[in-house]
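Undergrad: I need the structure of the sequence given here:
(chains A, B, C and D)
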Number of protein chains: 2
Amino acid sequence: MHRMASFVHPDLEDVPLGAVLSALADPARRAIVRRLACDAEQEGGGLACSVAAPPDLPRATMSNHYTVLRAAGLVRARKVGVSVLHTLRRDEVERRFPGVLEAVLAVQE
Amino acid sequence: MHRMASFVHPDLEDVPLGAVLSALADPARRAIVRRLACDAEQEGGGLACSVAAPPDLPRATMSNHYTVLRAAGLVRARKVGVSVLHTLRRDEVERRFPGVLEAVLAVQE
DNA sequence: TTCATAGTTCAATATATCCGAACTAACAGA
DNA sequence: TCTGTTAGTTCGGATATATTGAACTATGAA
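TA: Got it, this is the predicted structure:
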């Protein structure tokens, strides 16, 4: 039986550093995070999964990448209509792991 | 047939960010990197593999972790007698990925 | 209804990691 | 030169993780 989608958004205090680094180690996930970082608007914003993800990524793989990013506390999801909009939890991550995400985003690649 | 050990030390310019993040994502490898960061003496220094690694780590696993760390450009190895001494390539990593390693090291865990 | 779109879940497969066992390399003592 | 010891590597098989096609759910529009 298939279960319904329910997004997990851990408190950053419960996220280990390894989870964040592991999530950011994947190029497709970094691409998503970079796009969300550009989409800076705070409330009511966010990008649909397939908008932030690399264009030729298989859907199942994309969905899995978002699950990893949410579990690492890096992004927040909310369902709007038929889409799932994601935003970067930039300030929360910065408070918990100062400089880590910012340094990664600053790397040109 | 068993081949002889020969350490690979890539130019940092050839190392992708993902390799560094992936290497640092593992807790045992971070423990090694933290210990090498404390052992700050530059020339002639370095710590033997088993000295910097967590004490109860299986030797094959430990050796593999050092291979990953070297391939990520994070550490440099040189054989001295029966030991292999490792040093952190801290300045080189900092030049290539400013703030990344420092931010990771700054996290208390 | 019916259809389309966005994304998830499942399950099979591919890939990567872990680690015991066997090995090499370097040195010390007899 | 043996024999032994210590440090670490390599191999290979077991285990764990990642990828992705296909089936599915959820929402909205025609």
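Undergrad: show me what contacts the residue lying closest to residue A:57 once chain neighbours are set aside?
TA: Nearest non-adjacent residue to residue A:57, counting by Cβ to Cβ, 6 or more residues apart in numbering or on different chains: residue A:28, 5.9 Å away. No exception for glycine: its C-beta is placed from N, CA and C like everyone else's. Shown in contact with residue A:28 (Cβ atoms under 8 Å, 6 or more residues apart in numbering or on different chains): A:53-54, A:57, A:61-62, A:65.
Undergrad: are we agreed that residue A:22 is in a helix?
TA: Yes - according to DSSP: H, G, I helix; E, B strand; the rest coil, residue A:22 belongs to a helix.
Undergrad: isn't it up against residue A:72?
TA: Yes - counting by Cβ atoms under 8 Å, residue A:72 is a contact partner of residue A:22 at 7.3 Å.
Undergrad: between these two, who's got more neighbours?
TA: Set side by side, residue A:22 and residue A:72 show more neighbours around residue A:72, with 24 against 19, by other Cβ atoms under 10 Å in any protein chain shown.
Undergrad: report the contact partners of that one.
TA: Counted by Cβ under 8 Å, 6+ apart, residue A:72 has contacts A:15, A:19-20, A:22-24.
Undergrad: neighbours around the closest residue to it other than its chain neighbours, how many?
TA: Distances taken as Cβ to Cβ, 6+ apart put residue A:23 closest to residue A:72, at 3.7 Å, once the chain neighbours are dropped. The number of residues packed near residue A:23 is 24, by other Cβ under 10 Å.
Undergrad: helix, strand or coil for residue A:43?
TA: Classified using three-state DSSP, residue A:43 is coil.
Undergrad: look up how far DNA strand C lies from residue A:56.
TA: According to Cβ to the nearest atom of the strand, to the nearest Å, residue A:56 and DNA strand C sit 14 Å apart.
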